[in-house]
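>>> Based on what follows, work out the 3D shape:
(one chain, ligands or ions: 1)
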Amino acid sequence: MAYENNVSNFTWYPWLNNQYKKIINFYNKNKHNAIIIYNSINDNSNNLLCYAVSRRLICQNSNYYKSCNTCSNCILMSNNNYPYYYKLNYLTLNIQKIRDIIVDINKLSFKQVKVIHITNIEKLTYQTISTLLKIIEYPPSMTYFILSCNNISIVPMTIRSRCICWNMQIPNENYSIKWLKTVIHNKEIILRTSLRICNGSPINAILLLKSKLWNSRYILLNQINNALLKDDMLLLLPILNSSKNEIIYLLITFISDIIKLMKNTSESFLVNLDSINKIKSFLYINNIYKIYKLWSNLINCWYYLNYKNNINRELLILHLLVNW
Ligand SMILES: [Zn+2]
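I've put the predicted structure just below:
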């Protein structure tokens, strides 16, 4: 049986070193008993770290932190061919798949190292979570469960109570800016803005700056001005409908910044540092109740778009704007 593995270009980042060492120390002390949920709002770093930890666990001649890169297991992992590394995505994972894997694993020698890496466990169905629970209560020998998520608060307590939660830390902002300057040429204020929008993830900051969404962000900012001026949020409909879901997140950051300025927060705490003057021009509204309501509705909308299936996106956004 083949399972997907998205980490084909294994590039390491310096800010992951410390966390990686702490995690390996933890495994070395706790041997095979720990089932860890890696919680991070940034997918890229999380997946990379989970993959590196998996490689180290699977290596037959590891030297404390380091995988040897020469044993047969390391070579198979390098070629994405190690048969007992199961990387599973919430979109394709179901009860039958979990059962099939466990049947496979139970046929193996108890000395064989197995790693089951499941991403976005907060998005698994109730039935899949129940099946997973039965397995992790009595895990097969030499089997590591690496569970990752973006939002630990909505992972069911039944799972959380049986695992150790590892909160991934983001690198220091100034450190990240210094690193970003070595890989992408842009003004510092732009880099800092992108970094803050991406919750401190330097990798995501680069991806955002290179995406179409970055231009849509400026269009959105102008449209907010129009919509607030005319008290008609429906003017935002074309830009919200024609962009990815992340445009809703960008709108949340703008509205959050307006609220911060209304509360006389220092400008240095804003997210959209490159657009402070524009955001300041929105302050004439001076109706904090209305802005709070929009902010709260936007957060609900963002939640539904991310965590609920079969949502009519257009209607949801329309409902949001009509209720302004
Ligand atoms: Zn090795």
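
>>> Quick one: the strands in the stretch 1-150 of the chain, in order.
Using DSSP state E, counting those that start in this stretch, the strands of the stretch 1-150 of the chain run over 36-39, 85-88, 114-118, 143-149.

>>> Give me the helices and strands touching the helix or strand hosting residue 319, please.
Secondary structure from DSSP states H and E places residue 319 in helix 313-322. Applying 3 or more Cβ pairs under 8 Å, 6 or more residues apart in numbering; DSSP states H and E, we find helix 313-322 packed against helix 237-241, helix 288-307. All C-beta spots, glycine's among them, are computed from the backbone N, C-alpha and C.

>>> export the ones you listed to JSON lines and tack on mean neighbour count?
Converted to JSON lines, these look like this (neighbours: other Cβ atoms under 10 Å):
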{"stretch": "helix 237-241", "mean neighbour count": "17"}
{"stretch": "helix 288-307", "mean neighbour count": "15"}
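
>>> Can I get the ones you listed in TSV including mean pLDDT and distance to residue 221?
Converted to TSV, the helices and strands packed on helix 313-322 look like this (pLDDT from 0 to 100; distance: least, Cβ to Cβ, whole Å):
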stretch	mean pLDDT	distance to residue 221
helix 237-241	92	10
helix 288-307	89	15
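
>>> Tell me the spacing between residue 303 and residue 272.
For residue 303, the distance to residue 272 equals 22 Å [Cβ to Cβ, to the nearest Å].

>>> Can you tell me how far the residue lying farthest from the centre of the chain is from the ion?
Distance from the C-alpha centroid of the chain peaks at residue 230, with 36.0 Å (Cα atoms, centre = their mean). Using Cβ to the ion, to the nearest Å, we find residue 230 at a distance of 64 Å from the ion.

>>> How about the contacts made by that residue?
For residue 230, no contacting residues are found, by Cβ atoms under 8 Å, 6 or more residues apart in numbering.

>>> any idea how far it is from residue 69?
Counting by Cβ to Cβ, the gap from residue 230 to residue 69 is 61 Å.

>>> Counting neighbours, what do you get for residue 82?
Residue 82: 21 surrounding residues under other Cβ atoms under 10 Å.

>>> sorry, that was for residue 95
By other Cβ under 10 Å, 14 other residues sit near residue 95.

>>> Let's have the strands of the stretch 1-150 of the chain in JSON lines, adding distance to residue 163.
As requested, these are arranged in JSON lines below (distance: least, Cβ to Cβ, whole Å):
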{"stretch": "strand 36-39", "distance to residue 163": "5"}
{"stretch": "strand 85-88", "distance to residue 163": "16"}
{"stretch": "strand 114-118", "distance to residue 163": "11"}
{"stretch": "strand 143-149", "distance to residue 163": "7"}
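
>>> Quick one: low-confidence residue ranges for this structure.
Residues of the chain that meet the criterion pLDDT under 70 lie in 1-10, 31-33, 43, 286.

>>> if we go to 50?
1-8 (pLDDT under 50).

>>> what's the angle from the helix holding residue 319 to helix 288-307?
For helix 313-322 against helix 288-307, the angle by axes from the mean of the first three to the mean of the last three Cα atoms, to 10 degrees is 170 degrees.

>>> For helix 313-322, what is the distance to the chain centroid?
The chain centroid and the centroid of helix 313-322 are separated by 25 Å under Cα atoms, centre = their mean, to the nearest Å.

>>> just stretch 290-304 next, same as before
Chain-centre distance of stretch 290-304: 20 Å, with Cα atoms, centre = their mean.

>>> Return it as PDB; C-alpha atoms alone will do.
The C-alpha coordinates for stretch 290-304 follow below in PDB (Å, rounded to 0.1, in the frame of the first residue of the first chain):
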ATOM      1  CA  LYS A 290     -20.000  47.800  14.500                       C
ATOM      2  CA  ILE A 291     -16.300  47.000  13.800                       C
ATOM      3  CA  TYR A 292     -16.300  44.400  16.600                       C
ATOM      4  CA  LYS A 293     -19.300  42.800  15.100                       C
ATOM      5  CA  LEU A 294     -17.700  42.600  11.700                       C
ATOM      6  CA  TRP A 295     -14.500  41.200  13.300                       C
ATOM      7  CA  SER A 296     -16.400  38.500  15.200                       C
ATOM      8  CA  ASN A 297     -18.400  37.500  12.100                       C
ATOM      9  CA  LEU A 298     -15.200  37.300  10.100                       C
ATOM     10  CA  ILE A 299     -13.600  35.000  12.700                       C
ATOM     11  CA  ASN A 300     -16.700  32.700  12.500                       C
ATOM     12  CA  CYS A 301     -16.600  32.800   8.700                       C
ATOM     13  CA  TRP A 302     -12.800  31.800   8.800                       C
ATOM     14  CA  TYR A 303     -13.600  29.000  11.200                       C
ATOM     15  CA  TYR A 304     -16.400  27.600   9.000                       C
END
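
>>> ok, residues contacting that stretch?
For stretch 290-304, with Cβ under 8 Å, 6+ apart as the criterion, the contacting residues are 233, 245, 248-249, 251-252, 255-256, 258-259, 262, 285, 311, 316-317, 320, 323-324.

>>> Stretch 190-198 too?
The contact list for stretch 190-198, computed with Cβ under 8 Å, 6+ apart, reads 42, 173, 176-177, 180-181, 184, 201-202, 204-209, 214, 249-250, 253, 271-275.
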